[in-house]
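[1] A structural model of the following input is requested.
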Amino acid sequence: MKAGYTESYLKFAKMEMELDLFNQTIDGVYFWDRVRTQIYSKIRKQTGEWKVGGTSKSSSEKDSGYLSKGKTAIVESAKILDSSQDCAIIPRQKDILFKASSTKRRHEIDGVYWDRMVDPIADSLSYSAYSLESHSSIQKYCSGDVYTKSIYNYDVIDLLSAIRSELVNYNPIGRDEKPILQQIEKKLREAFDVDIDVVGYVREELKSRHSKKPVIDHFLNRVDPSAVLIGWNPSRSTLIESAQERNIPVIELQHGVDSVNKTEISYPYGVNGTLTFPDIYFSWGYKWAERPDFPIDDVRIVGWPFLDCMKTMRNQRKSTGTKRILIMSQPTNIDMLIDIATTIKNESEFEVTYRLHPKNRANWKSNFPELDNSDIEVDDGNISLYDQFGRVDYQLGTTSTALFEGLQFNLPTLVYETDSYVHELLSDIDIVTSFTSSEDVIRTLTTYDGVIPDCDMDGLFRPNPIDNIERELNDIIG
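    This next block holds a predicted model:
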């Protein structure tokens, strides 16, 4: 076991080993790895470890809400398909299949919406590719063009799954299955003083799998890809399962700050049982790859194509004549960061831009009135992160991936000092300064003279990522 685990995650991991959860099945399906990340996130929210604004559903709850609409969902999906342009129902054969980011996490750059994980990989490789994405989500969240050129409409899969769910009455949780799930609920109450509906999570995940798997099976048979590239494996379990049944290698793309406490990739006590986990992991850099306790050995260092592309497009700072600091919010530290933003605004020459984490953007004015009633500029995603990098002189945060991206743009950085490895990674970089209080921040900002030394980020983001990925795919596909 590597160092740096939180007490709560170790307690959670110990419980799942004691109950032998990775060996438990319902209707022949190993269910625990499909729901454990959502359940642990729920624990963190209920204990106050992770503060979010608005509501955030797990993938199981989203599927449940969609599938439970029954006939209504079928009618709605049919209307969406009918209104979609170039909506091919029958997929074509492709070399590579992507199922990565959610549409609402796309970044708008000059009127074009980029998928941070798929773009520009899909359109730069010598292989043909599909990116699975919902046209209805694109219509909802993207007011302009999307960068990705070859998209297969995931609404088709949703529609066919909803039809199957309506026609087949499937309830995976019976009298014999409930005791182990209720035992998990009891253990969680004892360990964390939380009330988690494990029965509900597992029921909806297995119902979703039951309705979608035959559709995904048929889809993969038609597309016949040589590799499947995904993001965030807990929400792709059924796709992973179907691909691996066909001996199609599944590759997960790093999508954020990787650590020992990232439940979807790191297992402190190993796995004594069965996981629905990708075959290969593509990491941005060796400093990330050496941190988690991966359940697989095949971890490859490739870099991050999207960030590399953004650095080329947006690596020029625009002088505004005003000193400005960009604060990267995180759900776990939002109250502290708001206090620091207020102090900077009141006690320094710096103007402040407070960038809300996506999970805090819903109803932020009512959830954080101290921000709404202040003179602080609040960025709720209306400005591209990479455009923000071009208009600020400094950045500040705790564990956000965006801090590492800002360093690629040579932004001096203030990072909250903790015993986490994220702080360790950042503090090794020349233009990073640690802080533990608002006084530390003000002291650092008052000495800022605008002179910024270059910093070496190759250990975090390997150069030439497109070439690296092409080479690795050639090796994997053969």
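[2] gap between stretch 351-370 and the chain center?
    19 Å (Cα atoms, centre = their mean, to the nearest Å).
[3] which residues does stretch 382-397 contact?
    When contacts are defined by Cβ atoms under 8 Å, 6 or more residues apart in numbering, stretch 382-397 is touched by residues 107-109, 310, 313-314, 316-318, 320, 323-330, 337, 340, 350, 353, 355, 379, 402-403, 405-406, 409, 411-416, 435, 441, 445, 448, 450. C-beta: built from backbone N, CA, C; applies to glycine.
[4] what helix or strand is the residue lying closest to Gln46 once chain neighbours are set aside on?
    Spatial nearest neighbour of Gln46, excluding adjacent residues (Cβ to Cβ, 6 or more residues apart in numbering): Val194 at 4.3 Å. Assigned by DSSP states H and E, Val194 falls within no helix or strand.
[5] quick check: mean pLDDT across the longest helix seen in the chain?
    Identified as the longest helix of the chain according to DSSP state H is helix 198-223. Mean pLDDT, computed over helix 198-223, is 96.
[6] now do stretch 400-408
    Taken as a whole, stretch 400-408 has an average pLDDT of 90.
[7] cool, stretch 6-13 as well?
    The average pLDDT within stretch 6-13 is 93.
[8] next one: Gln24 from Thr274, what distance?
    10 Å (Cβ to Cβ, to the nearest Å).
[9] where do the contact lists of those two overlap?
    With Cβ under 8 Å, 6+ apart, Gln24 and Thr274 have common neighbours Tyr30.
[10] neighbour count for these two, which is higher?
    Gln24 (19 against 14; other Cβ atoms under 10 Å).
[11] which residues are in contact with the more buried one?
    Gln24 neighbours (Cβ under 8 Å, 6+ apart): Tyr30, Phe31, Trp32, Ile180, Gly273.
[12] then Asn171?
    Arg203, Lys207.
[13] looking at this, it is in a strand?
    No: applying DSSP: H, G, I helix; E, B strand; the rest coil, one finds Asn171 to be coil, outside a strand.
[14] roughly how far apart are it and Asn474?
    Counting by Cβ to Cβ - Asn171 and Asn474 are separated by 46 Å.
[15] okay, buried residues for stretch 197-205 please.
    Val198, Val199, Gly200, Tyr201, Val202, Arg203, Glu204, Glu205 (16 or more other Cβ atoms under 10 Å).
[16] do the same with stretch 396-416
    By neighbour count with 16+ other Cβ under 10 Å, stretch 396-416 contains the buried residues 396-416.
[17] what about that stretch, start to end distance?
    One end of stretch 396-416 to the other measures 8 Å (Cα to Cα, to the nearest Å).
[18] now do it: distance to the chain's middle.
    Distance, centroid of stretch 396-416 to centroid of chain: 18 Å (Cα atoms, centre = their mean).
[19] cool, stretch 392-411 as well?
    That offset, for stretch 392-411, works out to 18 Å (Cα atoms, centre = their mean).
[20] equivalent analysis for stretch 164-175, please.
    The answer for stretch 164-175 is 30 Å, by Cα atoms, centre = their mean.
[21] please apply the same query to stretch 443-459.
    Using Cα atoms, centre = their mean, the mean C-alpha position of stretch 443-459 is found 29 Å from that of the whole chain.
[22] for stretch 185-197, which positions count as buried?
    Glu185, Lys187, Leu188, Phe192, Val194, Ile196.
[23] which other residues reach that stretch?
    Stretch 185-197 is contacted by residues Ser8, Lys11, Phe12, Met15, Leu19, Ile39, Lys42, Ile43, Gln46, Thr47, Val198, Val199 when judged by Cβ under 8 Å, 6+ apart.
[24] keep only those of those that are in helices.
    Here DSSP H is the test, and the contacts of stretch 185-197 give Ser8, Lys11, Phe12, Met15, Ile39, Lys42, Ile43, Gln46, Val198, Val199 as lying in helices.
[25] does Arg413 touch Ser434 like I think?
    Residue 413: Thr, not Arg. No: the pair Thr413 / Ser434 is not scored as a contact, 9.8 Å apart, by Cβ atoms under 8 Å.
[26] what about Pro234, how many neighbours?
    The tally of other residues near Pro234 (other Cβ under 10 Å) stands at 22.
[27] can you pull the contacts of Leu425?
    Contacts for Leu425 (Cβ under 8 Å, 6+ apart) come out as Lys287, Phe404, Leu460.
[28] let's verify the second one: helix, strand, or coil?
    In this case it means Phe404. Look at Phe404: counting by three-state DSSP, its state is helix.
[29] quick one: contacts for it?
    Going by Cβ under 8 Å, 6+ apart, Phe404 touches Val257, Leu425, Leu426, Met457, Leu460, Phe461.
[30] which of those has the largest number of neighbours?
    Neighbour counts for these, by other Cβ under 10 Å, peak at Leu426, which reaches 25 neighbours.
[31] got a pLDDT number for that one?
    Looking at Leu426, its pLDDT reads 81.
[32] could you shift the numbering so residue one becomes 244, and keep it that way?
    With the count now opening at 244, the last piece we talked about shows up as Leu669.
[33] roughly how far apart are it and Thr656?
    Here Leu669 is placed at a distance of 7 Å from Thr656 (Cβ to Cβ).
[34] and if you look at Asp701?
    For Asp701, the distance to Thr656 (Cβ to Cβ) stands at 17 Å.
[35] cool, and Arg335?
    Distance of Arg335 to Thr656, given as Cβ to Cβ: 46 Å.
[36] number of nearby residues for Phe717?
    I think there's a mix-up here, since residue 717 is Asn and not Phe. The tally of other residues near Asn717 (other Cβ under 10 Å) stands at 12.
[37] helix, strand or coil for it?
    Put simply, Asn717 is helix when judged by three-state DSSP.
[38] check it and give its pLDDT.
    pLDDT, read off for Asn717, is 97.
[39] Thr290: what's its closest spatial neighbour, skipping adjacent residues?
    Thr290 sits nearest to Phe435 (Cβ to Cβ, 6+ apart), 5.9 Å away.
[40] to clarify, my last question referred to Thr391.
    Distances taken as Cβ to Cβ, 6+ apart put Ser374 closest to Thr391, at 5.0 Å, once the chain neighbours are dropped.
[41] the helix or strand harbouring that neighbour pairs with which strands, and in what direction?
    Using DSSP H and E, Ser374 sits within strand 372-376. Applying DSSP bridges, strand 372-376 is found paired with strand 339-342 (parallel), strand 394-396 (parallel).
[42] just the CA coordinates for the following helix or strand past that strand, please, in PDB.
    Counting by DSSP H and E, the next helix or strand C-terminal to strand 372-376 is helix 378-384. The C-alpha trace of helix 378-384 is given here as PDB (Å, rounded to 0.1, in the frame of the first residue of the first chain):
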ATOM      1  CA  HIS A 378     -27.000  14.600 -29.800                       C
ATOM      2  CA  SER A 379     -29.700  15.900 -27.400                       C
ATOM      3  CA  SER A 380     -27.000  16.800 -24.900                       C
ATOM      4  CA  ILE A 381     -25.000  18.600 -27.600                       C
ATOM      5  CA  GLN A 382     -28.200  20.600 -28.500                       C
ATOM      6  CA  LYS A 383     -28.700  21.400 -24.800                       C
ATOM      7  CA  TYR A 384     -25.200  22.400 -23.800                       C
END
